[in-house]
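> sequence plus predicted model, see below.
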Amino acid sequence: NIALYDWTILRIIPEKMIRNQTRAIFYTTIASVSFGLAILVFGYLYLNKRIVRPIGYLVHKFKKINQGDFDSTDRMEEVGNDEITELTRWFNLTLETLSEREADATALKASEARHNLILNASHEGIWDWDLNNNSITMSKDFANLIGLPAENHGIVPTEQWLDLVHPSDRLGLEEKVKIT
């Protein structure tokens, strides 16, 4: 019995046999690593194309809008039916809304300019009573019409305005507009 003598038996395996068996493991490992790297590269390229680049482009466009430098005709292409496409669709709608508001603001400025020209040419006085803020806005011509100096135009406190109302009319006026 060999165990009694504390001997170890070594079996010598030919080198060629070890190489053949480890070569299969080596090729399997190389193939697995290559396949994993290929998946990583294709995954990176896909995510970059479908997610990272479109979001980066949207961020760039939003920065331009925030800086007031945007082209209302520069729409983003809506490709697919995913969250990025939904975000792109909303961006395009926002751009359209901004364009409409910009056109409305330009038209309003032109209208106000014409209105001011007409008021200045006709020397008509206008005023507006803002009951929510309890203030009155009046033109220079209106200030002149009611006997106030021209520098009193603009926003006038309601009390100053009410001081101009005849005392017998003031109580009825205050009651009608519910001023206390």
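Done, it's in.
> now do whichever strand or helix holds Tyr27: distance to the chain's middle.
Secondary-structure element containing Tyr27, defined by DSSP states H and E: helix 15-47. For helix 15-47, the distance between its averaged C-alpha position and the chain's averaged C-alpha position is 47 Å (CA atoms, centre = their mean, to the nearest Å).
> and the next helix or strand after that helix, how far out from the chain middle?
For helix 15-47, the succeeding helix or strand toward the C-terminus, using DSSP H and E, is helix 53-66. Taking CA atoms, centre = their mean, one finds the center of helix 53-66 at 10 Å from the center of the full chain.
> low pLDDT regions in the chain?
For the chain, the stretches flagged by pLDDT under 70 are 1-11, 150, 152, 179-180.
> can you give me the helices for it?
With DSSP state H, the ranges of helices along the chain come out as 15-47, 53-66, 83-122, 140-145, 158-162, 167-177.
> now the spatially most central residue of the chain: closest residue in space that isn't a chain neighbour?
Closest to where the C-alpha atoms of the chain average out (CA atoms, centre = their mean) is Phe62, at 6.2 Å. When the adjacent residues along the chain are set aside, Phe62 lies closest to Phe91, with 7.6 Å between them (CB to CB, 6 or more residues apart in numbering). (C-beta placed from N, C-alpha, C; glycine too.)
> relative to Phe26, how far out is the one you found?
From Phe91 across to Phe26, the span is 51 Å (CB to CB, to the nearest Å).
> show me which of the two is the more surrounded one.
Between Phe91 and Phe26, counted using other CB atoms under 10 Å, Phe91 has the larger neighbour count: 19 against 11.
> now do stretch 109-119: everything it contacts.
Stretch 109-119 is touched from outside by 126, 139, 141, with contacts defined as CB atoms under 8 Å, 6 or more residues apart in numbering.
> who wins for neighbours among those residues?
Neighbour counts for the contacts of stretch 109-119 (other CB under 10 Å) peak at Ser139, which has 20 neighbours.
> and that one, backbone torsions?
Here the main-chain torsion angles of Ser139 (degrees, to the nearest 10) amount to phi -80, psi 170.
> ok, Asn133 next?
phi -100, psi 0.
> try Glu124
For Glu124, the backbone dihedrals (degrees, to the nearest 10) come out as phi -90, psi 140.
> looking at it, Glu102 is touching Asp71, isn't it?
No. Using CB atoms under 8 Å as the test, Glu102 is too far from Asp71 to be in contact (11.7 Å).
> thanks a lot, see you next time.
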